[in-house]
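Asks: Okay, here's the prediction I keep looking at, along with the sequence it came from:
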2 protein chains.
Amino acid sequence: MNETIITSKANPLIKEAVKLKQKKYRSLMGKFILDGYHLVNEALIKGLVERVFYVESCEIEGVEKYQVSAIVMESLSDVVQNQGIVAICKKPEKMEIGNKVLILDNVQDPGNIGTLIRSCAAFGFDTIIAENSVDFYNDKVIRSTQGALFKVNLISSEIMGFIDNHPDFDIYATDLKSQRYLDEMKITAKKIAIILGNEGSGVSQEILDKVNNSFKLKMSNMESLNVGVAGSIILYELSKRSL
Amino acid sequence: MNETIITSKANPLIKEAVKLKQKKYRSLMGKFILDGYHLVNEALIKGLVERVFYVESCEIEGVEKYQVSAIVMESLSDVVQNQGIVAICKKPEKMEIGNKVLILDNVQDPGNIGTLIRSCAAFGFDTIIAENSVDFYNDKVIRSTQGALFKVNLISSEIMGFIDNHPDFDIYATDLKSQRYLDEMKITAKKIAIILGNEGSGVSQEILDKVNNSFKLKMSNMESLNVGVAGSIILYELSKRSL
């Protein structure tokens, strides 16, 4: 037990925790920081929590616990009215790639990534592979997943490498210039991957050329939808088909 | 022509414009404020612009134009790096209610309303009726519509009144407790309305009881989706069916 309350932001444990707000330290250390009871509990169930910082009290057992002052908590939490608890967690072990994969090419908005993680969990897509995109463990991504963070296998990896190494997958890229609509696609493969692209420029031409298998959503009156919304519609639609 | 540059935030025109950031003044005056070239141009095409404030130059003809200092523009614009142009617009004339209506009961997040306006435009829903929800002309709503603001008939009105006065509509409410999935719904009516509810509590029990016709999306692993995403999926799905 640690009986002393940490009141200084210069404490080495606090300094290490604050560093985890930056992607490069999350990558370097293989850890991330979680905010609030609900998410900390989900991480506990998954066995990912290494250390908890709390202000008032904490009934969690089996992990390092440190009581901190409200001011120190403010430096740890990104939430304006924080719940007085954050946890340092290790990133989940890499799992095998499943049969339904969502691929993100240069998706930059944390809310979009969070929405897509949530929709993957809802519609049976088991794996997300992202390249040049916002980090899955960014605090805004985590908040917008609404608890879906631990329900999907999240992998940062090269998209070209995935394509080369997975000839058993049927891979489809979204492209506003495509002549084919989602409704018209006949999907028979057991393993499929869908590629979504950047908010402004879509899937890169290099990847479109490589995949050579594109589609878009049928819509009137508008050129495009937000990638989180469009992606969620695609995931829903594919979840209805027997794969 | 107005040759003088307005440099004071105390100028009556500026004070009136700033007031339009508040819903109650927008309602009172039947006007709203628009930010940036793209949206101002769309409003011009629709004949809604009454007055333009600009910093550098402005080639728009046929409306009142006032040059303002950069500091005054900062008080008018809600965008951190503004484009140096805002317009005071009158709200569009009320149009007749169309055949495909989205109803919003107590939707509170501006981004969700914006997403739903955009998806209505994309998927052929011509009218949105909202009660107790964020104002359509809130600046965050406008920004997230991405230009769809003027493509949908936006009405603030009582939902119960709509239901009572429109027996020719088949009205469906979303409800996470419903036993029926969207896929199973047979829709034959020419006129349909879909009701979406509050981010936390869904459609109010009073309205659910009144409509007595509910459904939900089929999903695994997650209890719910963001209302903007769930609503967009529903609008897409219904756009595919011949109504």
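Replies: Right, received. Where do you want to start? Numbers count the residues shown, from 1 in each chain, chains lettered A, B, ... in the order given.
Asks: in chain A, which spans are strands?
Replies: A:31-35, A:49-54, A:64-67, A:85-90, A:100-105, A:127-131, A:153-156, A:170-174, A:192-196, A:214-215 (DSSP state E).
Asks: Was I right to think A:Leu48 contacts A:Lys90?
Replies: Yes. Using C-beta atoms under 8 Å, A:Leu48 is in contact with A:Lys90, at 5.6 Å. In short, each C-beta sits where N, CA and C put it, glycine included.
Asks: of these two, who's got more company?
Replies: Each of A:Leu48 and A:Lys90 has its neighbours counted (other C-beta atoms under 10 Å in any protein chain shown); A:Leu48 has more, 21 against 15.
Asks: residues in contact with the residue nearest to the more buried one when sequence neighbours are not counted?
Replies: Nearest in space to A:Leu48, with sequence neighbours left out and distances taken as C-beta to C-beta, 6 or more residues apart in numbering or on different chains, is A:Cys89 at 4.3 Å. By C-beta atoms under 8 Å, 6 or more residues apart in numbering or on different chains, the residues touching A:Cys89 are A:Lys31, A:Phe32, A:Ile33, A:Leu34, A:Ala43, A:Leu48, A:Val49, A:Glu50.
Asks: Can you tell me how far the fourth one is from chain B?
Replies: I take that to be A:Leu34. 19 Å (C-beta to the nearest C-beta, to the nearest Å).
Asks: Tell me how many other residues crowd that residue.
Replies: For A:Leu34, the count of nearby residues is 24 (other C-beta under 10 Å).
Asks: export stretch A:204-222 as CSV, just CAs?
Replies: Taking Å, rounded to 0.1, in the frame of the first residue of the first chain, the C-alpha atoms of stretch A:204-222 are listed here in CSV:
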residue,chain,number,x,y,z
SER,A,204,-4.7,7.0,-51.6
GLN,A,205,-4.4,6.4,-55.3
GLU,A,206,-1.5,4.0,-54.7
ILE,A,207,-3.8,1.7,-52.6
LEU,A,208,-6.8,2.1,-55.0
ASP,A,209,-4.5,1.0,-57.9
LYS,A,210,-3.2,-1.9,-55.9
VAL,A,211,-6.6,-3.2,-54.8
ASN,A,212,-8.4,-2.4,-58.1
ASN,A,213,-11.8,-3.2,-56.5
SER,A,214,-13.7,-0.1,-55.4
PHE,A,215,-17.3,0.9,-54.6
LYS,A,216,-19.3,3.8,-53.1
LEU,A,217,-22.6,4.5,-51.4
LYS,A,218,-25.6,5.6,-53.5
MET,A,219,-26.6,9.1,-52.5
SER,A,220,-28.4,12.0,-54.0
ASN,A,221,-27.9,15.7,-53.5
MET,A,222,-24.6,15.3,-51.6
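Asks: Run the contact check for it versus chain B.
Replies: Yes. Where contact is defined by C-beta under 8 Å from any C-beta of the partner chain, part of stretch A:204-222 touches chain B, namely A:Leu217, A:Lys218, A:Met219, A:Ser220, A:Asn221, A:Met222.
Asks: quick one on the thing from earlier: okay, and the beta partners of the residue nearest to A:Leu48?
Replies: Counting by DSSP bridges, A:Cys89 forms beta bridges with A:Phe32, A:Val49.
Asks: ok, it to chain B distance?
Replies: Distance, A:Cys89 to chain B, using C-beta to the nearest C-beta: 20 Å.
Asks: Could I get the pLDDT score of that residue?
Replies: A:Cys89 is assigned 97 on the pLDDT scale.
Asks: Return the distance of it relative to A:Ala17.
Replies: Relative to A:Ala17, A:Cys89 is positioned 11 Å away (C-beta to C-beta, to the nearest Å).
Asks: any shared contact partners between these two?
Replies: Overlap of the contact sets of A:Cys89 and A:Ala17 (by C-beta under 8 Å, 6+ apart) consists of A:Ile33.
Asks: Please give me every residue in contact with the nearest residue to A:Asp135 once chain neighbours are set aside.
Replies: Once flanking residues are discounted, A:Asp135 sits nearest to A:Lys23: 4.5 Å by C-beta to C-beta, 6+ apart. Contact partners of A:Lys23, counting by C-beta under 8 Å, 6+ apart, are A:Asp135, A:Tyr137, A:Asn138.
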